[in-house]
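sequence and predicted structure are below.
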Amino acid sequence: MRASLIQIAVNEGESVEARRRRAASLVRDRAGAADLVVLPELWTTGAFAFEEFGTAAEPLRGPTYEAMAKAASDAGVWLHAGSVPERDRDGTLYNTSLVFSPDGDLAAAYRKIHRFGFDKGEAVLMGAGRDLVTVRLPETTLGVATCYDLRFPELFRGLVDAGAETFVVPAGWPERRRSHWTLLAQARAVENQAFVLACATAGTHAGVPQAGHSIVVDPWGEVLAQAGADEEVLTVEFDPAKVARTREQFPALKDRVLGVEVPRR
Ligand SMILES: NC(=O)CCC(=O)C(=O)O
């Protein structure tokens with residue numbers, strides 16, 4: 001199976017509309033070159049452009065949905081279109097990922113569960129998702145998570161219990177914590193014996209230089225490919241059957257002890 005991670009640059013000076021057109025064209029370029037294409041988190045605005053979330057927010061089936069559905073069907077690829085600021089009917093904002101089938105149909109929408117920012121930014125501006133999301137592809141089952149979610153192993157274990165074999169993680173991760181990014185992507189792969197396809201933004205927006213360094217890790221924790229800091233399309237071939245082989249040859253997941261009592265202090 002071939003996957004392309006489109007590490008698009010989010011820089012000020014390019015409008016949301018222009019970047020949307022550019023992203024659609026980059027997806028179309030993957031026709032015949034990839035089975036699965038991935039875009040990063042909040043690439044229309046940038047994950048740290050908090051003041052733009054409200055103005056750029058879209059209904060689920062808004063302009064980004066329309067452009068990405070068409071790009072997926074034009075290219076004939078599974079498309080994880082990264083996430084958009086979604087405005088719900090009641091006005092609540094969510095950081096919502098969209099996954100399309102090669103026919104351009106919506107296969108899944110995932111509202112980010114762990115919001116970043118502590119007492120500001122996304123954490124106060126957006127609502128929290130509540131549902132785990134997996135997507136069955138012919139070759140593998142995707143488990144969907146977004147950026148800061150990477151720090152919460154219990155979410156990934158829940159996705160494994162729901163059948164996930166390949167985690168897809170769009171992100172807008174700052175350069176300042178790049179070492180965490182690589183380490184956490186490898187940790188989630190090793191502990192769950194799953195592939196991790198983690199696609200980040202490049203560029204600088206809202207004064208926050210982005211890490212780039214999108215990464216693909218195999219179920220043994222080996223880095224199959226990693227991008228540099230700038231805009232880049234990272235394409236990798238991987239064997240989804242390696243998940244079952246790894247889980248059989250080194251069956252650590254079977255040794256889980258559930259319901260361990262934690263003594264109260
Ligand atoms: N957009 C995000 O979720 C940023 C997460 C982050 O910077 C971190 O976990 O560190």
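That came through fine. Residues are numbered from 1 along each chain as shown.

so which residues on the stretch 1-150 of the chain come close to the ligand?
41, 47, 116, 147, 148 (Cβ under 6 Å from any ligand atom). To be clear about C-beta, it is placed using only N, CA and C from the backbone, and glycine gets the same treatment.

just the buried ones from the residues you listed?
Among those, the ones that count as buried by 16 or more other Cβ atoms under 10 Å are 41, 47, 116, 147, 148.

just to be sure, residue 110 is in a strand?
Yes - applying DSSP: H, G, I helix; E, B strand; the rest coil, one finds residue 110 inside a strand.

gap between it and residue 145?
According to Cβ to Cβ, to the nearest Å, residue 110 stands 8 Å off from residue 145.

let me see the ranges of the helices in this structure.
Ranges of helices in the chain, per DSSP state H, are 16-28, 50-56, 63-75, 122-125, 153-161, 178-192, 242-249.

looking at the ones you listed, spot the one closest to residue 216.
helix 178-192 (8.7 Å; Cβ to Cβ).

give the buried residues for that closest one.
The neighbour-count check on helix 178-192 (16+ other Cβ under 10 Å) flags 178, 181, 182, 184, 185, 186, 187, 188, 189, 190, 192 as buried.

residue 258: which of these is nearest?
For the buried residues of helix 178-192, the nearest to residue 258 is residue 192 (15.3 Å; Cβ to Cβ).

how far away is the closest one from the ligand?
Residue 192 sits at a distance of 18 Å from the ligand (criterion: Cβ to the nearest ligand atom, to the nearest Å).

likewise residue 169?
Residue 169 sits 10 Å away from the ligand when distances are taken as Cβ to the nearest ligand atom.

among the residues of the stretch 1-150 of the chain next to the ligand, which are in strands?
Within these, no residue falls in strands by DSSP state E.

a markdown table please, covering these and showing distance to residue 218.
Below are these laid out as a markdown table (distance: Cβ to Cβ, whole Å):
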| residue | distance to residue 218 |
| --- | --- |
| 41 | 23 |
| 47 | 26 |
| 116 | 27 |
| 147 | 21 |
| 148 | 23 |
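
make TSV out of those and add distance to residue 167 and pLDDT.
Shown next, in TSV, are those (distance: Cβ to Cβ, whole Å; pLDDT from 0 to 100):
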residue	distance to residue 167	pLDDT
41	14	98
47	18	98
116	18	98
147	12	98
148	14	98
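
from those residues, which is closest to residue 245?
residue 147 (29.4 Å).

number of nearby residues for the closest residue in space to the closest one that isn't next to it in sequence?
The shortest distance from residue 147 to any non-neighbouring residue, by Cβ to Cβ, 6 or more residues apart in numbering, is to residue 171 (3.9 Å). The burial count assigned to residue 171 is 28, neighbours taken as other Cβ atoms under 10 Å.
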